[in-house]
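# please find the sequence and the predicted model below.
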Amino acid sequence: MLFLCLSLLLAFAGPLAPFACAGAPARARSFAGPEARVGGSRPNILLIYADDIGFGDVSCNGATTIATPNIDRIAREGLRATDAHSAAATCTPSRYAMLTGEYAFRRKGTGVLPGNATLIIEPGRATLPSTLKGAGYHTAVIGKWHLGLGAGEPVDWNGDIKPGPLEVGFDRCLLVPATGDRVPCVYVRDHRVVGLGADDPIRVSYGQRIGDAPTGREAPDTLRMRWDFGHDGTIVNGISRIGFMTGGERARWVDEDMADVLTNEAVAYLDERAQAGGPFFLYFATHDIHVPRAPHGRFAGRSGMGPRGDAILQLDDCVGRLLGALDRLGLADDTLVIFTSDNGPVINDGYRDRSEELLGAHRAAGPWRGGKYSSFEGGTRVPFLVRWPGQVEPGASPALISQVDLPASLAALVGVPREAGFAPDSTDQLRALLGRDTVGRAVLIEQAGALAVREGSLKFIAASQRAPYDASTKTELGNAPEDQLYDLASDPGETRNLAAERPETVARLRAVLEAGR
């Protein structure tokens, strides 16, 4: 269903109204439906998956302390979903759910993984990339993986490392295996560590200390970025990490170059696919703005907000380079671009990088409470922008959207029939992604330490004995010994608990949550 900016301004009266339609054109355009592409020329798909970017970290969602013009371009030329969610409030379960269409809480071992974890997606199961590959797409993942690699324990980093992305539907990959703050600090291309010499084998440990080199805990004065909590292991590039690593000296990445390495690879992939022809799916998973935040010198100091703000500027530049490549190659009109994030924001996540001190008036989660790790809205409500010229109507949409729905929705887009067992928690929300349905999901489960359920504007968080607050990251986790019920339409900050006033609603939503477990 087409919708106009005026109607959305009315729908978003309240905290989002000042920027609900920023950049939207004054006149709606007509466009053909996706069925015009199915069976003919199918769109390329570029999924840009940022790391730890909060709803309010981008200027199209109201940020004023920092500007993100390239990300804003996607919003201006496409759909800006204002009630879209990652599948979880942390990275590994969000990525698992998005690629498999299955909520991660259904599977053991899908929490935030150590850097030496084995692959948690079973080879042979239907995934988003394997489904698109079966429909004739060339598929690639470039960037942060954090879903495990290999099958043996411990993982042998010195030979073929498999299974991995190539065994779950991707034709090609260049990976940060886990995160920048976890060893091993090397890139993996397809099945091999990039630049590894046979005379310098890698060993990795996430328990027993290995190697003779001093760690961040033992030699804090040698670090160029001091750790605050948890990141006191092996020192790489003057920054200590989680875990221990020896060897692979020539293969180790340089943090300041990571964004360029990954973006250069992505641009080269777009160049190649433009020459080869045929549709492609590129999953570009940035490391920015995850810790350690060590942006290139081109961006260091530019934001006035410290390394976190500088990393946002670097991320925006990477997005601009990809959009520029699509323009240069004549692919923009035939490419569906999605920009989103794996979870909400966190300011201090283990390093003393002054991001807290320099935050100022910036609200990384926008009007939402909590952030990364939290059951409050800030944990999973993330930027979600969709551009496909002539197919996606520019404007803002209040539809309730989850990343777990991408497998079913994109399968519907390319005309792949749904098979038994495929993406069990994924629903076809293609109309919402294209801006033709402003309702979206009827019910959504949000995963943090505990589970919460959304139904329309209602938010239910079941009573929990978990800790209510993470003192290290200074995050409200959303846990409380009593049930919580909020109406986000009138209370976006989740400040007025209505559970005692509306016991029938609490009972109904608790039943919905239990049924969805």
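All right, it came through fine. Numbers count the residues shown, from 1 in each chain.
# so which strand or helix has the closest residue to residue 457 other than its chain neighbours?
Counting by Cβ to Cβ, 6 or more residues apart in numbering, residue 457 lies nearest to residue 489, which is 3.8 Å off, once chain neighbours are set aside. To be clear about C-beta, it is placed using only N, CA and C from the backbone, and glycine gets the same treatment. Assignment of secondary structure by DSSP states H and E places residue 489 within no helix or strand.
# report how many residues lie close to residue 489.
By the criterion of other Cβ atoms under 10 Å, residue 489 has 13 neighbours.
# got the phi and psi for the closest residue to residue 315 other than its chain neighbours?
With sequence-adjacent residues excluded and distances taken as Cβ to Cβ, 6+ apart, residue 315 is closest to residue 288, at 4.0 Å. Dihedral pair for residue 288: phi -60, psi 130, per degrees, to the nearest 10.
# which residues touch residue 288?
For residue 288, the contacting residues are 50-51, 259, 295, 311-312, 314-315, 318, by Cβ atoms under 8 Å, 6 or more residues apart in numbering.
# ok so, going back, any idea how far residue 201 is from the residue nearest to residue 457?
In this structure, residue 489 lies at 58 Å from residue 201, with Cβ to Cβ, to the nearest Å as the measure.
# stretch 293-305: which residues count as buried?
If you call a residue buried by 16 or more other Cβ atoms under 10 Å, then stretch 293-305 has these buried ones: 293-296, 299-300, 303, 305.
# can you classify residue 250 by secondary structure?
When states are read from DSSP: H, G, I helix; E, B strand; the rest coil, the local structure at residue 250 comes out as helix.
# cool, and residue 326?
Here residue 326 takes the helix state, with states given by three-state DSSP.
# show me where the stretch 351-500 of the chain has its strands.
Per DSSP state E, counting those that start in this stretch, the stretch 351-500 of the chain has strands spanning 384-387, 395-402, 443-447, 451-455, 458-461, 469-470, 475-476, 484-487. These are given in chain order.
# what is the orientation angle of the second one with strand 443-447?
Calculated by axes from the mean of the first three to the mean of the last three Cα atoms, to 10 degrees, strand 395-402 forms an angle of 70 degrees with strand 443-447.
# for strand 395-402, packing partners?
Helices and strands touching strand 395-402, as assessed by 3 or more Cβ pairs under 8 Å, 6 or more residues apart in numbering; DSSP states H and E, comprise helix 5-11, strand 79-85, helix 430-433.
# go ahead and confirm residue 400 touches residue 454.
Yes - between residue 400 and residue 454 there is a contact at 6.5 Å, judged by Cβ atoms under 8 Å.
# sorry, back to before: which one of the helices and strands packed on strand 395-402 has the lowest average pLDDT?
The stretch with the lowest mean pLDDT among the helices and strands packed on strand 395-402 is helix 5-11, at a mean of 34.
# quick one: residues in contact with the helix or strand following it.
Sequence-wise, the next helix or strand beyond helix 5-11 is strand 44-50, with elements assigned using DSSP H and E. Residues outside strand 44-50 that contact it (Cβ under 8 Å, 6+ apart) are 95, 98, 132, 137, 143, 273, 279-286, 288-289, 315, 319, 322, 326, 331, 334-342, 383, 406, 410.
# just the buried residues of these.
Restricting those to buried positions leaves 95, 98, 132, 137, 143, 273, 279-286, 288-289, 315, 319, 322, 326, 331, 334-342, 383, 406, 410, with burial counted as 16+ other Cβ under 10 Å.
# let's see which of those residues end up in strands.
Using DSSP state E, the members of the buried ones among the contacts of strand 44-50 that fall in strands are 143, 280-285, 335-341.
# what is the end-to-end distance of stretch 64-71?
The distance separating the two terminal residues of stretch 64-71, taken as Cα to Cα, to the nearest Å, comes to 14 Å.
# next: stretch 380-388.
Where stretch 380-388 begins and where it ends lie 24 Å apart, using Cα to Cα.
# quick one: average pLDDT of that stretch?
If you average the per-residue pLDDT over stretch 380-388, you get 98.
# from the chain's centre, how far out does it sit?
Once both centres are worked out by Cα atoms, centre = their mean, to the nearest Å, stretch 380-388 turns out to sit 10 Å from its chain's centre.
# between residue 400 and residue 454, which has more neighbouring residues?
residue 454 (25 against 22).
# the more buried one pairs with what?
residue 444, residue 459 (DSSP bridges).
# would you mind measuring from the spatially most central residue of the chain to residue 394?
When Cα atoms, centre = their mean is applied to the chain, the residue found nearest the centroid is residue 342 (2.2 Å). According to Cβ to Cβ, residue 342 stands 25 Å off from residue 394.
# residue contacts, residue 80?
The contact partners of residue 80, taken as Cβ under 8 Å, 6+ apart, are 60-61, 384-385, 395-397.
# do that again at 7 Å, thanks
60, 385, 396 (Cβ atoms under 7 Å, 6 or more residues apart in numbering).
# likewise for residue 74?
The neighbourhood of residue 74, defined by Cβ under 7 Å, 6+ apart, consists of 337, 339, 385, 387.
# where does pLDDT dip in this structure?
Low-confidence segments of the chain, defined by pLDDT under 70: 1-41.
# what residue spans form the domains of it?
The domain map for the chain lists 44-217+225-441, 449-516, with the assignment taken from automatic domain parsing.
# tell me how far the ends of stretch 173-181 are from each other?
One end of stretch 173-181 sits 20 Å from the other (Cα to Cα).
# nothing else from me, thank you.
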